[in-house]
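Peer 1: Give me the fold of what follows.
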Amino acid sequence: MENKKRNLLIFIPTIIFIAAFAVAGILLIVRAVKSENTEKAAAVQSRNEMLFEQRLRGAARRFGIPDDNWRSDIDLEERRRTITIRFPRGRLIEEFVAEIFEATQNSEFKVAEARHIRRGRTQGRRELVLMTFENKRRANEKVFLEIIITNEVLAGTTSAAFLIKNLDRLSPENANALLTFPEPLNYILTPWQTTSDDNRTRTVDNTPQIFRKVLSPVLIEIPIEEKETNEPSTHFARRRYTIRQTDDRRRVNSKINTAVNFFPNAVGFYSRTGNLVLNSRNSSRDFFQALRRRNLAFFDGRPPQSGRNSAAEEVARELGVAFDTITISLPQVLGQNLSENQWETQLRAAVDRAARSRSTVILIAADDNFVPVFVRTLPYIQRRGIEFVPISNF
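Peer 2: Next up, the predicted model:
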C-alpha cells in the first residue's frame, strides 16, 4: 500500500511536468509561428513601403529635385515611415503634388489626408504640405510625406526669354552692354527707324545700323490693324508694313517677306495691336498662312484688357503656327519713364513672378536707365533660378 502511494506521488508530478513541458512546447511553437507570420507581414509591409517610396522618389527626380533634398526615416515603435522632401522655391508645389498623385494612383497606397500649411511670421514663416498615405488593404500600414517649401533655388528652374525692345533708342554704350551681355538675350526689331515720323524721307530700307549687330534670335514687330480708320499713318514705313483687314493673301505675303528679308535670324513676329484682324478667324487666316510658309512663330503682345479673344490662337494652332503670349511686360505702364530705382523694383518683382512658373516671356521696353540696372541685377536673377533661353525655345 505504501509502495502504491509512493509510486502515485512520483507519477503525478511527472505527469504534471510532462504536461507543463508539452504546453510550453506548444506555446513556443505558436509563438514561433506568430513571430514568423509577423516577420513575413513586416517584410511585406517593408517591401510595399519601399516600392511606394521608389515611386515617390521617381516623381521627385522627374521634377528636378535632387536626392540630397530627400530623407526617409522609419519609427520602429510607431511602425511608420516618414519621408521628408525639401522643395525649392521657384517651382509650383501644386504641380509637384499632382505629379505625386499621378505616380501613386496605381500603387498599394492611397491618399488618406493632404494639407497645405502656411505659417506666418510668428510661427517661423514655414510653408509645407503634409500627406498621409494608407495601404488600400491594411489601414494600419501608413506612409507620411512631409514636403517643406524652402528658400533653396535650383539652377535652371525657370526658363525665361528676355525680349528687349528699343535697342535703337539706347546710347551706343548701353546698346553694346546688351549686345555683349553674358546671358543670351532676344530682341524685337522693326524694319524702320522707330525714332522718326517723317513720311517724306524715310523708306522701308532705312533700318538702324545697330540692328545689323544683332546675331541672336529676333522677333519682328509688325503693325496689325487695330480698328477701322480712314486716317493714314504719319509714318511712311510703318504704313507700308501694316497688316490690314482688307489685304488679300498676296499683299500679306509680300509684307511678311519684305520684313523677313531684313532679318534672316528672325524666328517670328510680334505685335501689340491687331484686334480688327486677329479677333476674326477669316481675316487672321491669311496672316498665319504667310507665317506658316516661312515656319515663323507669332507672339501676341496685346494686353488682356485690350478686348482680344481666342480666334487668332485657334487659327494659328489649326495651321500649325507656334503661338504664344507675352507673360510679363516692363515698364508695367506702357510708355512710362522710370528712374533706376523704379526699374530695379519692377525688374525684381518680375523676376520673382517668373520664378514661380516653369517658363515665361519677359518683354522689356528698354531705355538708358534700364541697362545699368539690368547688368547689376543679373546675380539676383541667377540666384532666383532663372535660366536665360532663346525665344526660339518657345
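Peer 1: what about the strands in this structure?
Peer 2: In the chain, the segments counted as strands under DSSP state E are 70-75, 80-89, 109-118, 127-135, 142-153, 158-165, 186-189, 218-221, 266-271, 297-300, 323-325, 328-330, 359-365, 386-388.
Peer 1: For Ala349, which of the ones you listed is the nearest?
Peer 2: Proximity to Ala349 (CB to CB) singles out strand 328-330 among the strands of the chain, at 9.2 Å. (C-beta placed from N, C-alpha, C; glycine too.)
Peer 1: Neighbouring strands of the closest one in the sheet, and parallel or not?
Peer 2: Sheet pairing for strand 328-330, assigned by DSSP bridges, gives strand 359-365 (parallel).
Peer 1: pLDDT averaged over the partner strand - what is it?
Peer 2: For strand 359-365, mean pLDDT rounds to 91.
Peer 1: ditto for stretch 134-146
Peer 2: Summarised as a single mean, pLDDT over stretch 134-146 is 79.
Peer 1: Use 390 as the first number from now on
Peer 2: That works, and once the first residue is 390, the last one we named lands at stretch 523-535.
Peer 1: residues making contact with that stretch?
Peer 2: Identification of contacts with stretch 523-535 by CB atoms under 8 Å, 6 or more residues apart in numbering yields 434, 437-438, 441-442, 445, 468-474, 489, 497-499, 501, 517-522.
Peer 1: Kindly supply the PyMOL command isolating those of these that are buried.
Peer 2: Filtering the contacts of stretch 523-535 down to the buried ones (16 or more other CB atoms under 10 Å) takes a single PyMOL command:
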select buried, resi 434+437+438+441+442+445+469+470+472+474+489+497+498+517+518+520+521+522
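Peer 1: Now do the end-to-end distance for stretch 536-554.
Peer 2: Distance between the two ends of stretch 536-554: 41 Å, counting by CA to CA, to the nearest Å.
Peer 1: what stretches of this protein score poorly on pLDDT?
Peer 2: Residues of the chain that meet the criterion pLDDT under 70 lie in 390-435, 465-468, 478-481, 507-515, 540-546, 582-597, 617-626, 693-696, 783.
Peer 1: quick one, helices of it?
Peer 2: Along the chain, the stretches classed as helices by DSSP state H are 391-451, 482-493, 561-568, 625-630, 638-651, 664-667, 670-682, 700-708, 729-743, 759-772.
Peer 1: List the contacts of the third one.
Peer 2: This means helix 561-568. Against helix 561-568 from outside (CB under 8 Å, 6+ apart): 553, 556-557, 559, 574, 599, 602-603, 755, 757, 760-761, 763-764.
Peer 1: In that helix, which residues are buried?
Peer 2: For helix 561-568, a neighbour-count test (16+ other CB under 10 Å) marks Asn563, Ala564, Leu567, Leu568 as buried.
Peer 1: Same check on the second one?
Peer 2: Of the residues in helix 482-493, those buried under the neighbour-count criterion (16+ other CB under 10 Å) are Ile482, Phe485, Val486, Glu488, Ile489, Ala492, Thr493.
Peer 1: If you count contacts, what does that helix end up packed against?
Peer 2: Judged by 3 or more CB pairs under 8 Å, 6 or more residues apart in numbering; DSSP states H and E, helix 482-493 is in contact with helix 391-451, strand 498-507, strand 516-524, strand 531-542.
Peer 1: Which positions within stretch 448-461 qualify as buried?
Peer 2: Ala448, Ala449, Phe452, Ile454, Asn458, Trp459.
Peer 1: Check those residues and tell me the two furthest apart.
Peer 2: Ala448 and Asn458 (12.8 Å).
Peer 1: Need the buried residues of stretch 448-461 in TSV (columns: distance to Phe688).
Peer 2: Formatted as TSV, those follow (distance: CB to CB, whole Å):
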residue	distance to Phe688
Ala448	33
Ala449	34
Phe452	28
Ile454	31
Asn458	35
Trp459	39
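Peer 1: ok, so of those residues, who is nearest Asn698?
Peer 2: Phe452 (34.4 Å).
Peer 1: Among the contacts of helix 561-568, the buried ones, what's the PyMOL command?
Peer 2: Filtering those down to the buried ones (16+ other CB under 10 Å) takes a single PyMOL command:
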select buried, resi 553+556+557+559+574+599+603+755+760+763
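Peer 1: so which of the contacts of helix 561-568 comes closest to Pro580?
Peer 2: Of these, the one sitting nearest to Pro580 (CB to CB) turns out to be Asp557, at 11.5 Å.
Peer 1: pretty sure Gln578 contacts Val607?
Peer 2: Gln isn't right for residue 578; it's Leu. Yes: counting by CB atoms under 8 Å, Leu578 does reach Val607; the two are 5.1 Å apart.
Peer 1: so what's in contact with these two at the same time?
Peer 2: By the contact definition CB under 8 Å, 6+ apart, Leu578 and Val607 are jointly contacted by Phe652.
Peer 1: residues touching Met520, list them.
Peer 2: With contact taken as CB under 8 Å, 6+ apart, Met520 is in contact with Val486, Ile489, Val500, Glu502, Ala503, Arg504, Phe533, Leu534, Ile536.
Peer 1: With Pro720 instead?
Peer 2: Leu727, Gln731, Trp732, Gln735, Ala754.
Peer 1: Then Ile632?
Peer 2: Ile611, Pro612, Ile613, Glu614, Val641, Lys644, Gly663, Val666, Phe676.
Peer 1: What is the burial count for the residue nearest to it when sequence neighbours are not counted?
Peer 2: Nearest non-adjacent residue to Ile632, counting by CB to CB, 6 or more residues apart in numbering: Ile613, 4.6 Å away. Per other CB atoms under 10 Å, the neighbour tally for Ile613 reads 25.
Peer 1: thought Ile613 was touching Thr631?
Peer 2: Yes: Ile613 lies in contact with Thr631 (CB under 8 Å); the separation is 7.0 Å.
Peer 1: Ile753 touches Ala549, doesn't it?
Peer 2: No: counting by CB under 8 Å, Ile753 does not reach Ala549; the two are 11.3 Å apart.
Peer 1: any chance of the buried residues of helix 561-568 in a markdown table, plus distance to Pro720?
Peer 2: Listed next are the buried residues of helix 561-568 as a markdown table, based on distance: CB to CB, whole Å:
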| residue | distance to Pro720 |
| --- | --- |
| Asn563 | 16 |
| Ala564 | 19 |
| Leu567 | 17 |
| Leu568 | 22 |
